[in-house]
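Novice: Below are the sequence and a predicted model for it; my questions follow.
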Amino acid sequence: MGTSSNAQSRLLGTAIKPPGYRVSLIRPGHDHSASDVEVAAFLRRWWADALAKAAATGTGLSNLVKEQPARPTLKICDIKPNVFFDLCAQIVRVYSPAAGSGQAVLLLTDYTANQSLKDEIVAIDEHHLPIQRHMVMSCTLWDSHVSQVADLRTGQHIYLRNLRGKVDRDGFLEAMMHGERSDDAKKTSVFVLDAAEPADRATAANDRFKSNV
DNA sequence: GGTTACGGT
């Protein structure tokens, strides 16, 4: 059938997958019948047309896709173990790594409580909102991320990319920022959102922060 | 980007 070779070339253009990830290729004359190939080609056209239509009208599929990002930005109260997420939070403490080895730890809050967090109360300072129970989350940074903590200070608001929830040894929720493969992600996973807030504006900044996250 | 993710007090 005329569309077969076209469908074949498109279907063969799959991205390289990691070891152990199996991809079933649909090719005429191999494991699949001609009708299999036609069905695949039909579905592929249907999907492409649906995407094009959605993009043209501004409704439908493309918006649906946008509403479900692969990795959400979560509040601390919504973080769960083994789930990837991005985070906006304020720095409570910075624990830099000992002499260039290992990892760094940030204590973070966004003033939402998660009962799975360790029940400790750590104040930032007298200019910031009081942090209540289960509002401080430990976040461990590994590998190249560690170098990014040098510029971080208590009280700063930051945006963190690609964290993962984890249960620590004692059963409490914490967050991990593991090493990335791409050079890009290695250097851009921690973003300081604002310059240091003057003390008299700190409470307002915290309120704004709370309503935004 | 992602069927991405390990490790150490």
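Specialist: Yes, it's here.

Novice: going forward, measure contacts and count neighbours with C-alpha atoms only.
Specialist: Fine.

Novice: low-confidence ranges in chain A?
Specialist: For chain A, the stretches flagged by pLDDT under 70 are A:1-31, A:59-69, A:99-101, A:127, A:129-130, A:194-213.

Novice: Could you list the contact residues of it toward DNA strand B?
Specialist: Taking C-alpha under 7 Å from any atom of the strand, the part of chain A that reaches DNA strand B is made up of A:21, A:70-71, A:84, A:102-103, A:105, A:140, A:142-143, A:161-164, A:168-169, A:176-182, A:184-185.

Novice: Show me just the buried residues among the residues you listed.
Specialist: A:84, A:103, A:105, A:140, A:142, A:161-164, A:176-178, A:180 (16 or more other C-alpha atoms under 10 Å).

Novice: Just the buried residues of the longest helix along chain A, please?
Specialist: Secondary structure of chain A per DSSP state H: the longest helix is helix A:34-57. Burial within helix A:34-57, assessed by neighbour count using 16+ other C-alpha under 10 Å, is assigned to A:34, A:37-38, A:40-41, A:51, A:54.

Novice: Contacts made by the helix or strand hosting residue A:106 with the rest, please.
Specialist: Here residue A:106 sits within strand A:104-109, counting by DSSP states H and E. Contacts to strand A:104-109, defined as C-alpha atoms under 8 Å, 6 or more residues apart in numbering, come from residues A:76, A:89-97, A:131, A:135-142, A:146, A:149.

Novice: hang on, the earlier thing: and the longest helix of chain A, what does it pack onto?
Specialist: Judged by 3 or more C-alpha pairs under 8 Å, 6 or more residues apart in numbering; DSSP states H and E, helix A:34-57 is in contact with helix A:2-11, helix A:61-67.

Novice: my hunch is that residue A:86 is in a helix, does that hold up?
Specialist: No: per DSSP: H, G, I helix; E, B strand; the rest coil, residue A:86 lies outside any helix segment and is strand.
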